[in-house]
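S.K.: coordinates only, sequence not included:
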């Protein structure tokens, strides 16, 4: 069996690249001035990295008016999602954002039941509910539930991302996967640039504020994340793969604790991480 054609392989690649992207992105944009310009820069660079990955995947190119219309819809969704996510990542702790991002898992599970007609099983529903509870606990800080604009941005972004991913699973099979990822990163960059009226001067100014080394690492990590997530969903059950992706929060928290000695709300994060793992186990039973 060719390991590169297994969903387990791509789940592992996703988990590793998710840590790579999350940790490097936070360090690359500490001096961010314009979230829109930063989003464009990251999307363009990620698209270029994805093009380099094209030889890994099967070469194919199927196109018709329906596919073109669907791609344009996905590009519009990603433009909004990426813009919201970049600012949310800037305003939230890396591990906190990573945990909050698991809401996309819940949405994916729900959409898997509704649109992909996957079997509705009690333990999978309970697993999804536990993941939701974990994210609710995450909002509790200093004696109250704390929901700020970055939290709302991230939540809405996860809903849109789940919609795009459900569409992607089938749509991406019409193209070389890496080329498809190039389209879905460069396309949103063009839209954000046009509607946000970002000039080359704005982009250059923002790029100068970035830590170049970590920006490049973040671009590589994001390209790997996008390609591996779609490929994992293509090869495996949406419900199972989505639930396994929920391991990223605890991996990010452990990374920050070990590498950066970050102990902020560590007990709370451990509890949330345990809940997420229980949710994952239930979904996979």
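M.R.: Okay, I see it. Please read these numbers as outputs of a predicted model, since none were measured by experiment.
S.K.: Quick one: the helices in the stretch 51-200 of the chain, in order.
M.R.: 65-91, 94-100, 103-114, 122-138, 149-171, 177-195, 200-209 (DSSP state H, counting those that start in this stretch).
S.K.: for these, which one ends up most surrounded?
M.R.: Neighbour counts (mean count of other CB atoms under 10 Å) averaged over each of the helices of the stretch 51-200 of the chain peak at helix 94-100, with a mean of 26. Any C-beta I mention is one placed from the backbone N, CA and C, and that applies to glycine too.
S.K.: ok, for residue 37, nearest residue in space, not its chain neighbours?
M.R.: residue 206 (3.8 Å; CB to CB, 6 or more residues apart in numbering).
S.K.: who's in contact with that neighbour?
M.R.: 32-34, 37-38, 41 (CB atoms under 8 Å, 6 or more residues apart in numbering).
S.K.: ok, of the helices of the stretch 51-200 of the chain, where does mean pLDDT dip lowest?
M.R.: For the helices of the stretch 51-200 of the chain, mean pLDDT drops lowest on helix 94-100, to a mean of 68.
S.K.: Which positions in the helix or strand hosting residue 256 come out as buried?
M.R.: Per DSSP states H and E: residue 256 is located in helix 248-260. For helix 248-260, the neighbour count (16 or more other CB atoms under 10 Å) marks 248-253, 255-257 as buried.
S.K.: for residue 183, what are its contacts?
M.R.: 47, 71, 75, 175.
S.K.: again with residue 214
M.R.: Contacts of residue 214 by CB under 8 Å, 6+ apart are 24-25, 27-28.
S.K.: again, 6 Å this time
M.R.: 24, 27-28 (CB atoms under 6 Å, 6 or more residues apart in numbering).
S.K.: circling back: switch the contacts of residue 183 over to TSV; also include distance to residue 240.
M.R.: Formatted as TSV, the contacts of residue 183 follow (distance: CB to CB, whole Å):
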residue	distance to residue 240
47	29
71	27
75	28
175	25
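S.K.: Relative to residue 58, which of these is nearest.
M.R.: Distances from residue 58 to those, taken as CB to CB, are shortest for residue 175 (9.5 Å).
S.K.: coming back round to it: turn the contacts of residue 214 into CSV, columns for neighbour count and pLDDT.
M.R.: Converted to CSV, the contacts of residue 214 look like this (neighbours: other CB atoms under 10 Å; pLDDT from 0 to 100):
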residue, neighbour count, pLDDT
24, 22, 90
27, 15, 82
28, 22, 83
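S.K.: any idea which of those residues is closest to residue 134?
M.R.: Of these, the one sitting nearest to residue 134 (CB to CB) turns out to be residue 24, at 25.2 Å.
S.K.: and the strand or helix carrying the closest one, what does it pack onto?
M.R.: Per DSSP H and E: residue 24 is located in helix 7-28. For helix 7-28, the contact count by 3 or more CB pairs under 6 Å, 6 or more residues apart in numbering; DSSP states H and E identifies helix 94-100, helix 212-235, helix 248-260 as packing neighbours.
S.K.: Repeat the analysis, applying 8 Å as the threshold.
M.R.: helix 65-91, helix 94-100, helix 212-235, helix 238-244, helix 248-260 (3 or more CB pairs under 8 Å, 6 or more residues apart in numbering; DSSP states H and E).
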